[in-house]
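# compute the structure for the input listed below.
(one chain, ligands or ions: 2)
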Amino acid sequence: MSDRIEISVTVNGQTYQRAAEPRLLLSDFLRHDLELTGTHVGCEHGVCGACTILFDGEPVRACLIFAVQAQGHAIETVENLAPGGPKHLHPLQEAFREAHGLQCGFCTPGFLMTLKPYLEQNPNPSEQEIREALSGNLCRCTGYQHIVEAVKIAAEKIQE
Ligand code: FES
Ligand code: FES
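Ligands and ions are numbered 1, 2, ... in the order given. The predicted structure follows:
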(Lines give C-alpha, C1' and ligand atoms only; values in the text may rest on other atoms or scores of the structure.)
(Ligands and ions follow the chains in the order given, each with its own letter.)
Protein backbone atom coordinates (compact mmCIF):
# COMPACT_ATOMS: atom_id res chain seq x y z
CA MET A 1 0.00 0.00 0.00
CA SER A 2 1.37 3.40 -0.96
CA ASP A 3 1.90 5.83 1.88
CA ARG A 4 2.25 8.76 -0.48
CA ILE A 5 0.44 11.96 0.35
CA GLU A 6 -1.12 14.25 -2.22
CA ILE A 7 0.30 17.74 -2.04
CA SER A 8 -0.28 20.96 -3.93
CA VAL A 9 2.69 23.31 -4.06
CA THR A 10 3.23 26.51 -5.99
CA VAL A 11 6.75 26.70 -7.39
CA ASN A 12 7.88 29.74 -9.36
CA GLY A 13 4.28 30.76 -9.85
CA GLN A 14 3.09 27.40 -11.15
CA THR A 15 0.99 25.07 -9.02
CA TYR A 16 1.97 21.40 -9.01
CA GLN A 17 -0.05 18.53 -7.60
CA ARG A 18 2.00 15.47 -6.78
CA ALA A 19 2.00 12.46 -4.48
CA ALA A 20 5.01 12.50 -2.16
CA GLU A 21 6.31 10.06 0.41
CA PRO A 22 6.30 11.67 3.87
CA ARG A 23 10.08 11.24 4.18
CA LEU A 24 10.85 12.92 0.84
CA LEU A 25 12.95 16.05 1.29
CA LEU A 26 11.79 19.23 -0.42
CA SER A 27 15.19 19.48 -2.11
CA ASP A 28 14.73 16.04 -3.68
CA PHE A 29 11.13 16.81 -4.56
CA LEU A 30 12.21 19.93 -6.47
CA ARG A 31 15.10 18.21 -8.21
CA HIS A 32 13.65 14.79 -8.97
CA ASP A 33 9.87 15.20 -9.10
CA LEU A 34 9.74 18.67 -10.66
CA GLU A 35 13.10 18.45 -12.48
CA LEU A 36 14.16 21.84 -11.14
CA THR A 37 17.80 20.93 -10.73
CA GLY A 38 19.03 24.47 -10.15
CA THR A 39 18.61 23.85 -6.43
CA HIS A 40 21.79 22.05 -5.42
CA VAL A 41 22.30 19.55 -2.65
CA GLY A 42 25.60 19.50 -0.79
CA CYS A 43 25.63 18.48 2.86
CA GLU A 44 21.95 17.50 3.22
CA HIS A 45 21.94 18.54 6.85
CA GLY A 46 21.51 22.27 6.83
CA VAL A 47 25.12 23.43 6.92
CA CYS A 48 26.28 24.43 3.44
CA GLY A 49 23.33 26.49 2.17
CA ALA A 50 23.55 25.11 -1.38
CA CYS A 51 19.88 24.09 -1.30
CA THR A 52 18.55 27.50 -0.24
CA ILE A 53 15.19 28.40 -1.73
CA LEU A 54 12.50 30.92 -0.86
CA PHE A 55 9.58 29.54 1.13
CA ASP A 56 6.79 32.10 1.20
CA GLY A 57 9.49 34.65 0.43
CA GLU A 58 11.89 33.62 3.21
CA PRO A 59 15.18 31.88 2.50
CA VAL A 60 15.19 28.35 3.91
CA ARG A 61 17.18 25.17 3.40
CA ALA A 62 15.23 22.77 1.26
CA CYS A 63 17.16 19.82 2.71
CA LEU A 64 15.69 20.52 6.15
CA ILE A 65 12.06 20.48 5.04
CA PHE A 66 9.93 17.58 3.92
CA ALA A 67 8.07 18.02 0.66
CA VAL A 68 4.75 17.44 2.41
CA GLN A 69 5.45 20.48 4.61
CA ALA A 70 5.33 22.63 1.48
CA GLN A 71 1.66 21.77 1.01
CA GLY A 72 -0.18 25.00 0.21
CA HIS A 73 2.96 27.13 0.27
CA ALA A 74 4.76 29.18 -2.37
CA ILE A 75 8.30 28.21 -3.29
CA GLU A 76 10.76 30.14 -5.41
CA THR A 77 13.86 28.48 -6.83
CA VAL A 78 16.86 29.86 -8.65
CA GLU A 79 15.20 29.07 -11.99
CA ASN A 80 12.82 31.94 -11.29
CA LEU A 81 15.59 34.54 -11.31
CA ALA A 82 15.85 34.48 -15.08
CA PRO A 83 12.60 33.11 -16.49
CA GLY A 84 13.38 34.85 -19.77
CA GLY A 85 16.59 32.88 -20.26
CA PRO A 86 20.30 33.72 -20.16
CA LYS A 87 19.89 36.99 -22.05
CA HIS A 88 17.70 38.35 -19.25
CA LEU A 89 19.61 37.59 -16.09
CA HIS A 90 18.66 38.93 -12.68
CA PRO A 91 20.99 41.77 -11.55
CA LEU A 92 22.47 39.41 -8.98
CA GLN A 93 23.36 36.92 -11.68
CA GLU A 94 24.85 39.64 -13.86
CA ALA A 95 26.90 40.88 -10.93
CA PHE A 96 28.19 37.39 -10.09
CA ARG A 97 29.25 37.00 -13.70
CA GLU A 98 30.94 40.40 -13.83
CA ALA A 99 32.79 40.03 -10.53
CA HIS A 100 33.73 36.36 -11.02
CA GLY A 101 31.66 35.47 -7.99
CA LEU A 102 31.70 31.82 -8.90
CA GLN A 103 34.10 29.16 -10.04
CA CYS A 104 32.54 25.69 -10.05
CA GLY A 105 29.13 27.26 -9.39
CA PHE A 106 27.90 24.54 -7.08
CA CYS A 107 27.23 26.96 -4.23
CA THR A 108 25.90 29.75 -6.44
CA PRO A 109 22.15 29.01 -6.44
CA GLY A 110 22.15 29.03 -2.66
CA PHE A 111 24.00 32.33 -2.52
CA LEU A 112 21.64 33.89 -5.06
CA MET A 113 18.51 32.79 -3.24
CA THR A 114 19.92 33.99 0.08
CA LEU A 115 20.85 37.35 -1.40
CA LYS A 116 17.69 38.10 -3.38
CA PRO A 117 15.46 38.82 -0.37
CA TYR A 118 18.40 40.23 1.56
CA LEU A 119 19.07 42.97 -1.00
CA GLU A 120 15.35 43.69 -1.29
CA GLN A 121 15.29 44.39 2.44
CA ASN A 122 18.81 45.90 2.67
CA PRO A 123 19.43 47.76 -0.58
CA ASN A 124 22.65 49.47 0.52
CA PRO A 125 24.59 47.09 2.78
CA SER A 126 28.10 47.71 4.10
CA GLU A 127 30.83 45.16 3.39
CA GLN A 128 30.54 43.88 6.95
CA GLU A 129 26.78 43.47 6.54
CA ILE A 130 27.30 41.61 3.26
CA ARG A 131 29.76 39.24 4.92
CA GLU A 132 27.28 38.58 7.72
CA ALA A 133 24.49 37.97 5.22
CA LEU A 134 26.66 35.41 3.44
CA SER A 135 27.89 33.70 6.56
CA GLY A 136 25.44 30.82 6.31
CA ASN A 137 26.53 29.79 2.83
CA LEU A 138 29.71 27.84 2.15
CA CYS A 139 31.88 28.17 -0.94
CA ARG A 140 34.95 25.99 -1.32
CA CYS A 141 36.32 27.78 -4.42
CA THR A 142 36.24 31.55 -4.36
CA GLY A 143 37.55 32.63 -0.96
CA TYR A 144 34.38 34.77 -0.81
CA GLN A 145 36.07 38.04 -1.83
CA HIS A 146 34.64 37.97 -5.34
CA ILE A 147 31.23 37.08 -3.98
CA VAL A 148 31.33 40.13 -1.70
CA GLU A 149 32.32 42.27 -4.70
CA ALA A 150 29.43 40.77 -6.69
CA VAL A 151 26.96 41.71 -3.98
CA LYS A 152 28.21 45.31 -4.00
CA ILE A 153 27.75 45.45 -7.77
CA ALA A 154 24.31 43.83 -7.54
CA ALA A 155 23.19 46.37 -4.93
CA GLU A 156 24.21 49.18 -7.28
CA LYS A 157 22.44 47.57 -10.23
CA ILE A 158 19.24 47.04 -8.26
CA GLN A 159 19.23 50.67 -7.13
CA GLU A 160 19.66 51.97 -10.70
S1 FES B 1 22.33 20.71 1.17
FE2 FES B 1 20.98 21.83 2.39
S3 FES B 1 22.24 23.03 3.65
FE4 FES B 1 23.63 21.78 2.57
S1 FES C 1 32.09 28.38 -6.68
FE2 FES C 1 32.64 26.31 -6.20
S3 FES C 1 31.76 26.01 -4.23
FE4 FES C 1 31.45 28.10 -4.62
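
# how about the residues of this structure near ligand 2?
102, 103, 104, 105, 106, 107, 139, 140, 141, 142 (C-beta under 6 Å from any ligand atom). For the C-beta atoms, the positions are set from N, CA and C on the backbone; glycine is no exception.

# let's see that with 5 Å instead.
102, 103, 104, 106, 107, 139, 140, 141 (C-beta under 5 Å from any ligand atom).

# so the fifth one makes contact with residue 50?
Yes. Using C-beta atoms under 8 Å, residue 107 is in contact with residue 50, at 5.5 Å.

# which residues do those two both contact?
Listed as contacting both residue 107 and residue 50 by C-beta atoms under 8 Å, 6 or more residues apart in numbering are 40, 42, 137, 138.

# ok, and which of the residues you listed reach ligand 1?
Within the shared contacts of residue 107 and residue 50, those near ligand 1 by C-beta under 5 Å from any ligand atom are residue 42.

# quick revisit: from the residues of the chain next to ligand 2, which land in strands?
Within these, no residue falls in strands by DSSP state E.

# can you show me the helices along this structure?
Taking DSSP state H to define them, one finds helices in the chain at 26-28, 91-98, 108-121, 127-133, 145-159.

# could you dump these into JSON lines with mean neighbour count and mean pLDDT added?
Converted to JSON lines, the helices of the chain look like this (neighbours: other C-beta atoms under 10 Å; pLDDT from 0 to 100):
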{"stretch": "helix 26-28", "mean neighbour count": "23", "mean pLDDT": "98"}
{"stretch": "helix 91-98", "mean neighbour count": "20", "mean pLDDT": "98"}
{"stretch": "helix 108-121", "mean neighbour count": "21", "mean pLDDT": "98"}
{"stretch": "helix 127-133", "mean neighbour count": "15", "mean pLDDT": "98"}
{"stretch": "helix 145-159", "mean neighbour count": "18", "mean pLDDT": "97"}
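
# which one of those lies closest to residue 68?
helix 26-28 (8.9 Å; C-beta to C-beta).

# who touches stretch 121-136?
Contacts of stretch 121-136 (C-beta under 8 Å, 6+ apart): 49, 111, 114-115, 118-119, 144, 147-148, 151-152, 155, 158-159.

# what ranges of this structure fall below the confidence cut-off?
The chain contains residues with pLDDT under 70 at 1.

# run the last query once more with 80
1-2 (pLDDT under 80).

# can you list the domain ranges for it.
5-81, 91-159 (automatic domain parsing).

# show me which residues of this protein sit near ligand 1.
41, 42, 43, 44, 46, 48, 50, 51, 61, 63.
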